[in-house]
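# I would like to see how this sequence folds:
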Amino acid sequence: MGLAHYKVILSYNGSKFAGFQRQKDARTVQSEFEAALRKIGWQGKSILAAGRTDGGVHAVGQVVSFHLDWQHSLKDLRNALNYYFPEDMAVKSVEMADKDFHPRFDAQRRCYRYQAFSSPVRDPIREVFAWRVWPELDMERMQKAGKGLIGVHDFQAFGSPTSEKGVTIREVFDLNWQQDGEAYAFEICANAFLYHMVRRIVFVLVKIGQGEVSPDILLESLQTGTLSLTGLAPAAGLVLKEVRYQ
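Numbering: from 1, shown residues only. The predicted structure is shown next:
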């Protein structure tokens, strides 16, 4: 068959990773992925990914591509990778990709999900995948404030570019909060995100929902390029849910 281009959907529990991107002397998703690939004959220099999640951030829909000379089925490739992967990461599916497919540059939409719950006391189990907040959140207040972020804006106040000469203008397609008892789920889809952008937006919206700051802070931040509130929602609550290419 020869060298072919493969696209995989990857999930991982980010709790014990220093992030996606390879780093010296740190455990990362990329380094574990490439180590498994080498065990099945991969000779490439680097895999490609749709996004570089931060340390502690999870994924159920990360997209990775690589070239490999593989003489067996797609199912066999999925099983081989999962055999050599550590328990906190797994390939969900494998398919052939066009020779010039790029998981990052070809992406049209990225969707993240953030999970939180309200409780006056800590919960060691739930806090592995969610942010414990207290006091409770005003859903209507957060939902109304968040809608002001939809559209094309300069999000300089909410994050930094992912490259040295990168711009800070992004388009947010959709943003929504849902509540189920004491559990909250926030979903946001955009063409791309700045470094820390989702976690900073969640942090500000939670403070709005708790009545600590005015909803006007979002519009003011978009207009001025600065944010008067400092802080980030914890990485544990964030999941890269899906990357779409059309």
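# now the protein, which segments are flagged as low pLDDT?
Across the chain, the ranges flagged by pLDDT under 70 are 1.
# in it, which spans are strands?
Here the chain has its strands, by DSSP state E, at 3-12, 48-49, 58-69, 89-96, 109-118, 131-133, 151-154, 169-180, 183-190, 238-244.
# of all those, which lies closest to Phe33?
Distance to Phe33, taken as Cβ to Cβ, is lowest for strand 58-69 among the strands of the chain, at 6.6 Å. Yep, even glycine has a C-beta here, placed from its N, CA and C like the rest.
# what comes up buried for the closest one?
His58, Ala59, Gly61, Gln62, Val63, Val64, Ser65, Phe66, His67, Leu68 (16 or more other Cβ atoms under 10 Å).
# list the contacts for the nearest residue to the fourth one once chain neighbours are set aside?
In other words, Gln62. Leaving aside its chain neighbours, Gln62 sits nearest to Leu10 (4.3 Å; criterion: Cβ to Cβ, 6 or more residues apart in numbering). Contact analysis of Leu10 by Cβ atoms under 8 Å, 6 or more residues apart in numbering lists Val29, Phe33, Ala59, Gln62, Val63, Val64, Met89, Ala90, Val91, Lys92.
# so what's Leu10 bridging to?
Beta-bridge partners of Leu10, counted by DSSP bridges, are Gln62, Val91.
# give me the beta-bridge partners of the closest residue to Met139 other than its chain neighbours?
Leaving out its chain neighbours, the residue that sits closest to Met139 by Cβ to Cβ, 6+ apart is Gln179, at 5.1 Å. Under DSSP bridges, the beta-bridge partners of Gln179 are Tyr184.
# residue contacts, Gln179?
Shown in contact with Gln179 (Cβ under 8 Å, 6+ apart): Leu137, Met139, Ala185.
# count of neighbours near the first one?
What it means is Leu137. Other residues near Leu137 come to 23 when the count uses other Cβ atoms under 10 Å.
# Identify the residues contacting the closest residue to it other than its chain neighbours.
Nearest residue to Leu137, sequence neighbours excluded (Cβ to Cβ, 6+ apart): Gly209, at 3.6 Å. Applying Cβ under 8 Å, 6+ apart, we find Gly209 in contact with Leu137, Asp138, Met139, Arg141, Met142.
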